[in-house]
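**Q** how does the following fold in three dimensions:
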Amino acid sequence: MLARPASKEASVSQPRLTVLAGPPAVGKGTVSTYIRDNYPMVWLSVSATTRPPRPGEVDGVHYYFVSPEEFDRLVADGELLEWAVVHGRNRYGTLRRTVQAAMDEGRSVLLEIDLQGARQVKETMPEANFVFLAPPTWDEMVRRLVGRGTETPEEQQQRLETAKLELAAEPEFNHTVVNDTVEHAADELVSLMGLRPLQR
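**A** Alright, predicted model coming up:
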């Protein structure tokens, strides 16, 4: 994407931690990546995970890919702000030191995590801004999940069951953003982060 003139970039009003969560296949990663690519003042947290990389994923950019043993060490040493077992298999966690370093630099921090992780962060950092990303409709979410083709039919079914449970958790969040289009959802989210949306 072409760089935008400096006069049209958003300005940060105050550093703040924003947690973005929502059901599987709702588009959390797509919205977060759009914000990372268009709002350089936002620091998108990179999670550690025990799952293997998907095609095109780069270590340190999309995730920190670690062994189960290394993840155990991170948990034991208290180095994770939150962590969770997702879909009964792989573990994901947020490195405490990287989040704190970004906040110390005065940057707005965005955590894109699952519901379990959001609940853990809420226990330790209740002052954070918690945003639930919702699908326009259930049918659209099913279409997105099946259409991305990264899971087996069994995994898809498991994710849909998880999605039903996670949709019921929406009232636990400060705000809800409907992901009808990536640009619209990103605009709403950055506004909730205290930033000014890009002028298009």
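**Q** now for the helix or strand containing Glu123, which elements pack on it?
**A** Using DSSP states H and E, Glu123 sits within helix 115-124. Secondary-structure packing of helix 115-124 (3 or more C-beta pairs under 8 Å, 6 or more residues apart in numbering; DSSP states H and E): strand 17-21, strand 80-86, strand 90-95, strand 129-134. Any C-beta I mention is one placed from the backbone N, CA and C, and that applies to glycine too.
**Q** helices and strands of the chain: which one bottoms out on pLDDT?
**A** Ranking every helix and strand in the chain by mean pLDDT, DSSP states H and E puts helix 138-148 at the bottom, with a mean of 81.
**Q** can I get the CA coordinates of that helix in CSV?
**A** Output of helix 138-148 as CSV, limited to C-alpha atoms (Å, rounded to 0.1, in the frame of the first residue of the first chain):
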residue,chain,number,x,y,z
TRP,A,138,-23.4,-16.2,11.8
ASP,A,139,-23.7,-17.3,8.1
GLU,A,140,-20.9,-14.9,7.1
MET,A,141,-18.6,-16.2,9.8
VAL,A,142,-19.2,-19.8,8.7
ARG,A,143,-18.5,-18.8,5.1
ARG,A,144,-15.2,-17.1,6.2
LEU,A,145,-14.1,-20.1,8.2
VAL,A,146,-14.8,-22.7,5.5
GLY,A,147,-13.5,-20.4,2.8
ARG,A,148,-10.0,-19.9,4.2
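**Q** low pLDDT regions in this protein?
**A** 1-15, 148, 200 (pLDDT under 70).
**Q** how about the helices of it, start to end?
**A** 28-38, 68-76, 96-104, 115-124, 138-148, 153-167, 182-192 (DSSP state H).
**Q** out of those helices, which is closest to His62?
**A** helix 28-38 (8.4 Å; C-beta to C-beta).
**Q** and the angle from that closest one to strand 17-21?
**A** On the basis of axes from the mean of the first three to the mean of the last three C-alpha atoms, to 10 degrees, helix 28-38 is oriented at 140 degrees to strand 17-21.
**Q** name the residues that touch helix 28-38?
**A** 1, 4, 20-22, 42, 44, 110, 112, 133, 179, 182-183, 185-186, 189-190, 198 (C-beta atoms under 8 Å, 6 or more residues apart in numbering).
**Q** what number of residues lie near Arg143?
**A** Arg143 is flanked by 13 other residues according to other C-beta atoms under 10 Å.
**Q** ok, Glu154 next?
**A** Using other C-beta under 10 Å, the number of residues around Glu154 comes to 8.
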